[in-house]
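> Generate coordinates for the sequence data below:
(chains A and B)
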Amino acid sequence: DVKVTQSSRYLVKRTGEKVFLECVQDMDHENMFWYRQDPGLGLRLIYFSYDVKMKEKGDIPEGYSVSREKKERFSLILESASTNQTSMYLCASSRPGTGGVYGYTFGSGTRLTVV
Amino acid sequence: DAKTTQPTSMDCAEGRAANLPCNHSTISGNEYVYWYRQIHSQGPQYIIHGLKNNETNEMASLIITEDRKSSTLILPHATLRDTAVYYCIVREQGGSEKLVFGKGMKLTVNP
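This is a model prediction of the structure:
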């Protein structure tokens, strides 16, 4: 019954590497979101997308980019990974207009470590 | 910035009702109150939302004060599996689709 799937649960990358975090949802939701979560800081929005090929910056977009070529897939890209991007990354989706009857649906998260 | 204020943490005995408070004194007329929770190592999970009236579903009840400046999430019979961080969020219906999460409140249910 998994609805939002993040490709990796744990990931270790080297400084300077280009990193792709993938998120797929099977609920035909228009909206998709990428958050990062750090101790003491809560969840912070990186980027979101209302539709295919559309994207908008969230609160902390620096060092990140996104791609949404298909409705069901939203990718987060770290162009050149740095140690301060070590974090838990969470993807979410929703249907527009109501936040979804059941709000956002989140994936289980990807814990990224940059060494 | 998050528009809500919650206590940092709260304890509750298993089997008792857990009443989780949230202040949202600057809430506007078209903003809904949403509650999510995050169990350790999982993504946040939607619980309930409401505008003015009290709401109840299979997970919880939401009581919103008449002036809408605060609300309470009630877990009627807390279990150990309700131990989580609970987030109270206000969001404009029909406006931005973003949810702004604050730091939430850690609820610990004790045996």
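
> Low-confidence stretches in chain B?
Along chain B, the parts satisfying pLDDT under 70 run over B:1-2, B:93-96.

> closest point of it to chain A, which residue?
Here the residue of chain B nearest chain A is B:G43; by CB to the nearest CB that distance is 3.0 Å. Any C-beta I mention is one placed from the backbone N, CA and C, and that applies to glycine too.

> any idea which helix or strand carries that residue?
B:G43 is part of no helix or strand when elements are defined by DSSP states H and E.

> Who are the contact partners of the closest residue to it other than its chain neighbours?
Excluding its sequence neighbours, the residue lying closest to B:G43 (CB to CB, 6 or more residues apart in numbering or on different chains) is A:F106, at 3.0 Å. Going by CB atoms under 8 Å, 6 or more residues apart in numbering or on different chains, A:F106 touches A:V4, A:L90, A:C91, A:A92, B:Q42, B:G43, B:P44, B:Q45.

> From B:Q38, how far out is A:F106?
For A:F106, the distance to B:Q38 (CB to CB, to the nearest Å) stands at 8 Å.

> Could you do A:L21 as well?
The spacing between A:L21 and B:Q38, counted by CB to CB, is 19 Å.

> Which parts of the chain are strands?
Unless you meant another one, I'm taking chain A. Counting by DSSP state E, one finds strands in chain A at the ranges A:4-6, A:10-13, A:19-25, A:31-38, A:42-49, A:56-57, A:64-70, A:73-78, A:87-94, A:105-106, A:110-114.

> meant chain B actually
So, for chain B - with DSSP E - the strands run B:9-13, B:18-23, B:31-38, B:45-50, B:55-56, B:61-64, B:70-75, B:84-92, B:105-110.
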